[in-house]
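1. need a 3D model of the following:
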Amino acid sequence: MRKVVHDPVYRHRLVQLLVDAGLVALAYWLAFALRFDQGIPARYSDLLWQTIAFVVVGKVLIFAAFGLYEKWWRYVGLRDFEQILKAVVVASLVMVGALYVWSPTDSDLPRSIAVMDGLMTLALIGGVRLAIRSALERPPRGAMIPKGREVLIVGAGEGGQLVAREMLRTPALRQTPIGFVDDDPRKRGMRVHELKVLGTTAELDRLLDDVEPDEVIIAIPSAPGMLRERVVRACRGRDIPVKTLPGVFELISGSVNLMRQVREVRVEDVLGREPVTFDIEESGAYLRDRIVLVTGAGGSIGSELCRQIARVRPKLLVLLDHAEDNLFEIERELIRDRHFTACESILGDCKEAARMTDVMERFRPDVVFHAAAYKHVSLTEENPLEAVRNNAIGTRVTALAAAVAGAERFVLVSTDKAVNPATALGASKAMAEWIVEALGRRHEHTVFCCVRFGNVLGSSGSVVPLFRRQIEQGGPVTVTHPEMQRYFMTIPESVQLIIRAGRLARGGETFVLEMGEQVKIIDLARNMIRLSGQDPEDVPIDIVGPRPGEKLREELFHPAERAVPTEADRILRAERMRVDPDWVDSVFERIEQLVERREEAFLTQTLAQLAREAYGETAAGEDEKATDVRAGARSVVAD
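-> Residues are numbered from 1 along each chain as shown. Next up is the predicted model:
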């Protein structure tokens, strides 16, 4: 009893039970009173008062058995009313049967009273619950008069209705919905929760000027990027903040308060390009029941590769990384969270030939995804020897070990910085592309290919989390140059491209994602400041100057390359003259000697020269690009 009194859950259930007991008693009395409108005869009056306690206790116990006291009445829904109907029907039948068997008086319970009692019980039990929910959800008097911030909701579907209802029944939010915007022509002019659907997103400019909201909420969790961009662009010109309703996974992982789950529009929502998506079950079907090895498995790209590959259920997924913590985290996620146990973690360094040979011979992988690489421009520029050792020589060691072990496919994760490389990072990744192509010509039983793409949003070292931290600290936001531009894509996009490319490859290809237009970094910074609810004038932006070798614009294709469509939507192939494997061997011999002798300054000069030679350019780096194989640059031979 003490637990019932002090525990709010039990106390609430006790209140519900007592209310239902009163309603059952009332329904039973009304059934007699309505049956005998001229007054209840004495014999039936005796029956009423001798059985009412039995009926009340019996029905309430049956209601409890049906779970009617396990949910708050303010949250009852259609399924709860179905359960109430079942409980009332069963309770009425059981009580009628018991009264006929027990028969405490000389008079039996009239059938008409039994029927009316069941109907009255259903009406009262269900009606009270519905009334309580309606009363609690009904806006307080005067709530439709704007209070606090006026909010225009984009999307009149389930998400929009949830947002509007939460605002109306929670005055503490200080937010008042003033209407909906929805592209469904059937909803035009309709009212939802007493709020009118004012128009479509195509009319958003006019609507914003007419209603002048203080805030706009995009209540469509699955809204495409183009729609989000249209809304944000219209609001940005009027200094109206925009928020968006999160997706299902964000709701599941967050709190139950819907309005607290409304988040700021992320910058990836408004990049102006629809995300590239493939059916992973179809595009990754070639990995099913195969042995797959992923290097750099704990990194941003490598870990997402492991997640998506696990979905197609390979025979064995080998995770290889030299970072113990990262490797441990992705292995634990796959096993514990995704229930994928066909994986094995290997601590190893791709630069160590003996270790890589041992791993390849031990597991004999069918497909290898080589995602291990140093990728931070500033760090690799300060440590060019290690950049070359890890990105170029490490790729050669891993790819050769895979080919010797009989791997069917080898997919290299590359970068747009490998095109006309101006940094140690770009040069090292360009060399990685050369060695993969050269080995493909030497080991024809293994299909080698490269996948090249631009900056990845959300990866470690990405500019987006850097800007977010700087904005949270009040600035300054550091931009290297006002004209600096980059391509952007999401981690899932890049991984889908990598997996898809592995299937498309026939040998020697370099695949490139069609990524739309480059985004100015300074515009990206300003947009993120606006989306954080601040004015770009209030958060300083510092121009710190380009880092050594940093280009203002990245390139996806070298001038000597031609973009050729593939069978996959928005995936292109860079067609060019092939590098000569003998030249590649000589290049690596020279580079390895420089690395071993730690001749850092000469290594940087040599990398720049080799980048020009690879495409048959003049050593002076003239703007004219060679279209044939020059005698002095024996780097390229025709297919």
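2. doesn't residue 449 make contact with residue 505?
-> Yes: contact criterion CB atoms under 8 Å: residue 505 and residue 449 qualify, at 3.7 Å. Where C-beta positions appear, they are placed from N, C-alpha and C, glycine not excepted.
3. higher neighbour count, those two?
-> Set residue 505 next to residue 449 and count neighbours by other CB atoms under 10 Å: residue 449 wins out with 25 against 21.
4. now for the helix or strand hosting residue 125, which elements pack on it?
-> According to DSSP states H and E, residue 125 maps onto helix 111-137. Where contact means 3 or more CB pairs under 8 Å, 6 or more residues apart in numbering; DSSP states H and E, helix 111-137 is packed against helix 8-35, helix 42-65, helix 78-102, helix 158-169.
5. state the next helix or strand along the chain beyond that helix.
-> Next element after helix 111-137 (DSSP H and E): strand 149-154.
6. between helix 158-169 and that next one, find me the angle.
-> 160 degrees (axes from the mean of the first three to the mean of the last three CA atoms, to 10 degrees).
7. and residue 396, what element?
-> Residue 396 belongs to helix 394-404, assigned by DSSP H and E.
8. pull out the buried positions in that helix.
-> 394-403 (16 or more other CB atoms under 10 Å).
9. residue 447: what's it in contact with?
-> With contact set as CB atoms under 8 Å, 6 or more residues apart in numbering, residue 447 has these partners: 408-410, 440, 505-507.
10. now it: phi and psi?
-> Dihedral pair for residue 447: phi -90, psi 110, per degrees, to the nearest 10.
11. from now on call the first residue 17
-> Sure thing, new numbering starts at 17, so read that last one as residue 463.
12. and it, how close does it get to residue 592?
-> 18 Å (CB to CB, to the nearest Å).
13. what's the burial count for the spatially closest residue to residue 42 that is not a sequence neighbour?
-> Leaving out its chain neighbours, the residue that sits closest to residue 42 by CB to CB, 6 or more residues apart in numbering is residue 140, at 6.4 Å. Applying other CB under 10 Å, we find 19 residues neighbouring residue 140.
14. for residue 591, same thing?
-> Residues near residue 591, counting by other CB under 10 Å: 14.
15. was I right about it contacting residue 576?
-> No: using CB under 8 Å, residue 591 is not in contact with residue 576, being 9.9 Å away.
16. hey, what's in contact with both of these two?
-> With CB under 8 Å, 6+ apart as the test, residue 591 and residue 576 reach no residue in common.
17. so who does residue 500 touch?
-> 536-538, 562, 566, 568.
18. ok, it to residue 575 distance?
-> Residue 500 is 21 Å from residue 575, where distance means CB to CB.
19. and for residue 323?
-> Relative to residue 575, and taking CB to CB, residue 323 is found at 37 Å.
20. could you check which of these two has the larger neighbour count?
-> Using other CB under 10 Å, the more surrounded residue of residue 323 and residue 575 is residue 323, with 19 against 15.
21. the helix or strand encompassing that one: which residues count as buried?
-> Taking DSSP H and E as the criterion, residue 323 maps to helix 316-327. By 16+ other CB under 10 Å, the buried positions in helix 316-327 come out as 316-326.
22. ok, and what's touching it?
-> Helix 316-327 has contacts (CB under 8 Å, 6+ apart) with 296-297, 300, 303, 308, 310-313, 333, 335, 337, 342, 345-346, 349-350, 354, 356, 359, 385, 387-388, 429, 472, 474-476, 507-508, 510-512, 514-515.
23. check what pLDDT residue 639 gets.
-> pLDDT, residue 639: 36.
24. cool, and residue 549?
-> pLDDT, read off for residue 549, is 65.
25. same check on the one 3 residues further on?
-> The per-residue pLDDT reported for residue 552 equals 74.
26. in three-state terms, label it for me.
-> Secondary structure assignment for residue 552 (DSSP: H, G, I helix; E, B strand; the rest coil): coil.
27. list the residues that contact it.
-> 542, 545-546.
28. can you check residue 208 too?
-> 172, 176-177, 180, 196.
29. what is the nearest of those to residue 101?
-> The closest of those to residue 101 turns out to be residue 177 (CB to CB; 25.8 Å).
30. on that earlier part again, most neighbours out of the contacts of residue 500, which is it?
-> Of those, with other CB under 10 Å as the count, residue 537 tops at 23 neighbours.
31. phi, psi of the nearest residue to it once chain neighbours are set aside?
-> The spatial neighbour of residue 537 that comes closest, neighbours along the chain excluded (CB to CB, 6+ apart), is residue 500 at 4.5 Å. The phi/psi pair for residue 500 (degrees, to the nearest 10) reads phi -70, psi 130.
32. again with residue 596
-> phi -80, psi 120.
33. hang on, the earlier thing: need the residues touching each of residue 521 and residue 465.
-> In contact with both residue 521 and residue 465: 425, 427, 527, using CB under 8 Å, 6+ apart.
34. shouldn't residue 194 be within a strand?
-> Yes: membership of residue 194 in a strand is supported by three-state DSSP.
35. give me the neighbour count for it.
-> 19.
36. find the nearest non-adjacent residue to it, please.
-> Residue 194 sits nearest to residue 166 (CB to CB, 6+ apart), 4.8 Å away.
37. thought the one you found was touching residue 230?
-> Yes: Residue 166 lies in contact with residue 230 (CB under 8 Å); the separation is 5.0 Å.
38. now do the strands in the stretch 467-616 of the chain.
-> Using DSSP state E, counting those that start in this stretch, the strands found in the stretch 467-616 of the chain span residues 471-473, 493-495, 501-502, 504-506, 525-529, 535-536, 557-559, 578-581, 587-591, 594-595.
39. helices or strands next to the second one in the packing?
-> The one in question is strand 493-495. Secondary-structure packing of strand 493-495 (3+ CB pairs under 8 Å, 6+ apart): helix 479-488, helix 537-547, strand 557-559.
40. okay if I get those as a markdown table plus distance to residue 145?
-> Formatted as a markdown table, these follow (distance: least, CB to CB, whole Å):
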| stretch | distance to residue 145 |
| --- | --- |
| helix 479-488 | 45 |
| helix 537-547 | 42 |
| strand 557-559 | 56 |
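41. closest to residue 201 out of those?
-> Nearest to residue 201, of those and by CB to CB, is helix 537-547 at 30.1 Å.
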